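[1] Quick one, what's the 3D model for this:
(chains A and B)
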Amino acid sequence: MTRFGSRGWIILLAVAVVAAMILRLLIDRDPSTGDFSLAWPDAAWRGFRVTAAAAGALIGGALSLSGTLLQASLRNPLAAPSVLGVSSGAGLGVMLALYIAHVSGVGDPPWMPPAMLGAVLAVVLVLVLGRRDGWPDPVSTILAGVIVATMAGAGMVLLQGLVPEGLRGRFLSWAMGTIPETLPASALPLLATLLAVTVAWGFYAHGRLDALLLDHASATSIGGSPGSTRLICLVAAGILTAVTVAISGPLGFVGLVAPHVARLLVGSRHLLLVPAAVLAGAILVVGADVLRQVIDLGNGRLPVGVLTTLAGGPFFLWLLRRGGRHASM
Amino acid sequence: MLRCEDMMVTRGDFTLGPIGVEASPGEVTAVIGPNASGKTTLLEAVAGITGPSAGAVNLDGVDLHQRSVTDRAACVAMLPQRPASDLSLSVERLVELGRLRLSASAEAIEAALVALDLTAIRQRPVCTLSVGQAQRAHLARLWAQRNDSSLLVLDEPTAPLDHRWADGVWDMLTLHARSGGTVVVAVHDLAVAADRADRAWLLQDGSLIHAAIACDVLQPDVLGAVFDTQFEWVTRRDGSRWLVKGSGTA
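    Here you go, the predicted model:
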C-alpha cells in the first residue's frame, strides 16, 4: 500500500462519514406504515437526528480508536474494548443502580453516572490486576479483563433476577446497544473532547505506538518506553469506552472490526491508522444506524448493536480465515 | 567503556551474578555458556532493558539505568534473541524505528537497508518474510540506530542466517568495533566465537566463570569442564586452527 494510496483512503473514508451522517439526517420512516423516504427534517425532528448522527460518529470513532490502542498495547489482534471488562462493568453499574432504586422505592435513576462509574471501576481493577513489574503486562491484562468481565456478567444476571420484568426488559434493550436521539447536554461535548485529545496524542506518539508492535527488548532499546506507552493506551481506551458505553450501551464488534478494516486500507503505521480507524468506526456505527431505520420487523426498530454484531461477526470470521499479514500486528 | 560493577540480576528463582566485568571500545566480546547460564539476562542488563537488582552498569562512567531514554537509545542498541516476526509494519518502517529517539537520518536508514541487502523488499511487511530475511530486517533496525561509538548488544544474531549472511554480519560487527564501537554478542557456536571474538565471557549457572581474551577462554579444557563435552583444535590446510566438538564427554 503506497503512502499516497493510504492518504487517498483516509480522504475517501472522511467523505463516506459525511455522506453517512447526511443520510442519517435525511432518512425518515413513517411509524404507522413503515415506509421510508429521504427529506430534510423539519425543525421538530432536526435536533433528534443531528444528535443521533453526531453520537453515532463519535461513538463509532471512539470505540474503534479504543480497539486500535488495545490491539497495539496488548499485541493481540483480537483485543477489543470488551477485553477490559468495561461493558460488563458499565452493565453491572446500571443494574446495581436500578436494583437499589427499586428496593428503596425511589424513581427511575439516571443511567449514565452508574454506567460510567462501573466502567471506570472495571478498568481500574483490570489495570491493577494486570500489572507486572509496575507496568501493564499484555497477557496478565487480558486474563484480568476476562475475569472481571465474567464476574461482572454474573453479577448482572443475579441482579436481573431481583428486579421487576419491565425494568429487566429495558435493561436488556440498553445492553444490546442503541444510538440515542436525546442526551444530556454535556455528553457529546465530553466524548468529542476525549476523542480529540486521544487522536492528538495518537498523532504525537505514533512512533511509540508503532514500537509497541515490536518485542519488549527491541521496543525498549529504541526508546519506545513500552511500559508507559502501554499504560497510557489502556487508560485512554478505558476512559473512551466507559463514556461510549454510558451513552449507548455496549456495541458489539465495532472496536474489534473497524481497526482491522482501517489496517486493511492504510497499513499498520499509526500515523495513518489512527485517523483511518476513527473514520472506519464512525462509518460502521452511523451506517448501521441508517440501516436500522429502513429495516422493519413489524415490532419496532432493531437495536443498532444487533446490526453491528451481525455485520461484524461474519466479517471478522472472514478476516480470520483470510489470515496472512493482515491478521498480524 | 562498559563496566559491570558487582551487578546482580534476579528473575524469579534465577539470580545472575554478582558480576564485575568490562568491555572496551574496539573489541568484540563473545558471551558464551550452556543453556540457562544467564547469557540473555546479562545482555538485557548491559543493554539497559532490565535493571540490576544490585550493583551497577556503567557506560563511559555514567550509570546506564540513570540515563534518559533518549540518551540510552543514542548510545546502546540491542537485538534480542527472538525479535518480533509477526509485524505487519514494512521493512522500511521497522528500520526507521531505529531512529525513533534520534535525529531523523535518511542516510542512516538507506545505509542500513543497503548493508543488509533489503532495498528490494523495503515495502514488504516483515511478517511475509522468511525467518532469515526478517532477522536481517531487525539487524538493519539496529544498524540504523548505531553510531560509531555505540555499544551494540546482540543475542544470537546469526542463528537464523545462512553462512554467507552469518559471515557478513560478523564482518559488520567487527567493522563497528574497529570504528570505535563496542560489541557484546551471545553466541552458541564456540568455533565462530573463537574465530571472530576478541574477548569472551564464560557463564555457568548464573556466575561468570572466565572473562579474558578469547583465545584464553575458548580452550578445550576450560570449555569441556563447563559444557561437559570434549572439544579439540583441528588444524586446517591453511594452517589456521578451528575449535570442534570431540567425540565424547569431558
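[2] Which parts of the chain are strands?
    Just going to use chain A. Remark: strands assigned in chain A by DSSP state E are A:27-29, A:36-38, A:131-132, A:135-136.
[3] try again with chain B
    B:2-11, B:14-23, B:28-32, B:54-59, B:62-63, B:76-79, B:151-155, B:182-186, B:199-204, B:207-213, B:231-235, B:241-245.
[4] So which of those is nearest chain A?
    The minimum distance between chain A and the strands of chain B falls on strand B:76-79, with 4.1 Å, by C-beta to the nearest C-beta. Placement of C-beta: from N, CA and C, glycine included.
[5] Any chance you could list what contacts the closest one?
    Strand B:76-79 has contacts (C-beta atoms under 8 Å, 6 or more residues apart in numbering or on different chains) with A:217-218, A:221-222, B:43-44, B:47-49, B:59, B:64, B:98, B:138-139, B:141-142, B:145-146, B:150-155, B:157.
[6] For that strand, which residues meet the burial criterion?
    B:Val76, B:Ala77, B:Met78, B:Leu79 (16 or more other C-beta atoms under 10 Å in any protein chain shown).
[7] Spatially nearest residue to the second one, not counting backbone neighbours?
    When you say that, I think you mean B:Ala77. B:Gln145 (4.2 Å; C-beta to C-beta, 6 or more residues apart in numbering or on different chains).
[8] just so I know, which of the strands of chain A lies nearest B:Gly181?
    B:Gly181 lies closest, by C-beta to C-beta, to one member of the strands of chain A: strand A:135-136, at 30.6 Å.
[9] Pull up the pairing partners for that closest one, direction included.
    With DSSP bridges as the test, strand A:135-136 is paired with strand A:131-132 (antiparallel).
[10] Centre of the chain to the partner strand, how far?
    A distance of 25 Å separates the centroid of the chain from that of strand A:131-132, by C-alpha atoms, centre = their mean, to the nearest Å.
[11] and if you look at stretch A:197-204?
    The answer for stretch A:197-204 is 17 Å, by C-alpha atoms, centre = their mean.
[12] again with stretch B:184-192
    9 Å.
[13] end to end, how far does it reach?
    Stretch B:184-192 has an end-to-end distance of 14 Å (C-alpha to C-alpha, to the nearest Å).
[14] Same check on stretch B:188-207?
    OK, stretch B:188-207 end separation, C-alpha to C-alpha: 17 Å.
[15] so where's the longest helix in chain A?
    helix A:43-73 (DSSP state H).
[16] For that helix, enumerate the helices and strands it packs against.
    When contacts are defined as 3 or more C-beta pairs under 8 Å, 6 or more residues apart in numbering or on different chains; DSSP states H and E, helix A:43-73 sits against helix A:3-26, helix A:187-204, helix A:206-212, helix A:226-248, helix A:254-266, helix A:270-294.
[17] near chain A, which residues of chain B show up?
    B:44, B:47-49, B:69-70, B:72-73, B:76-80, B:82-84, B:86-90, B:93-94, B:97-98, B:100-101, B:125, B:127-128, B:138, B:141, B:145 (C-beta under 8 Å from any C-beta of the partner chain).
[18] so where is chain B shaky, pLDDT-wise?
    B:247-250 (pLDDT under 70).
[19] what do you get if the cut-off is 90, keeping everything else the same?
    Within chain B, the stretches with pLDDT under 90 are B:11-13, B:17, B:65, B:85-86, B:88, B:103-105, B:191, B:194-195, B:215-250.
[20] Please, where are all the helices along it?
    Under DSSP H, chain B gives helices at B:39-46, B:69-75, B:91-97, B:106-115, B:131-145, B:163-178, B:190-196, B:214-217, B:220-227.
[21] what's the angle from the fourth one to helix B:131-145?
    Between helix B:106-115 and helix B:131-145, the angle comes out at 150 degrees (axes from the mean of the first three to the mean of the last three C-alpha atoms, to 10 degrees).
[22] How about the longest one?
    Counting by the same axes, to 10 degrees, helix B:163-178 lies at 20 degrees to helix B:131-145.
[23] export helix B:163-178 as CSV, just CAs?
    This file holds the C-alpha atoms of helix B:163-178, laid out as CSV (Å, rounded to 0.1, in the frame of the first residue of the first chain):
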residue,chain,number,x,y,z
HIS,B,163,26.6,-19.0,6.1
ARG,B,164,27.0,-16.1,3.7
TRP,B,165,24.9,-13.7,5.8
ALA,B,166,26.3,-15.0,9.1
ASP,B,167,29.8,-14.2,7.9
GLY,B,168,28.6,-10.8,6.6
VAL,B,169,27.1,-9.9,9.9
TRP,B,170,30.2,-10.8,11.8
ASP,B,171,32.2,-8.7,9.4
MET,B,172,29.8,-5.8,10.2
LEU,B,173,30.2,-6.2,13.9
THR,B,174,34.0,-6.4,13.6
LEU,B,175,33.9,-3.2,11.4
HIS,B,176,31.8,-1.4,14.1
ALA,B,177,34.3,-2.4,16.8
ARG,B,178,37.3,-1.3,14.7
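[24] elements contacting that helix?
    strand B:28-32, helix B:131-145, strand B:151-155, strand B:182-186, helix B:190-196.
[25] at 7 Å instead, please
    Judged by 3 or more C-beta pairs under 7 Å, 6 or more residues apart in numbering or on different chains; DSSP states H and E, helix B:163-178 is in contact with strand B:28-32, helix B:131-145, strand B:182-186.
[26] what's the spacing between the residue lying closest to A:Leu78 once chain neighbours are set aside and B:Leu203?
    Leaving aside its sequence neighbours, A:Leu78 sits nearest to A:Leu256 (C-beta to C-beta, 6+ apart; 7.2 Å). According to C-beta to C-beta, to the nearest Å, A:Leu256 and B:Leu203 sit 45 Å apart.
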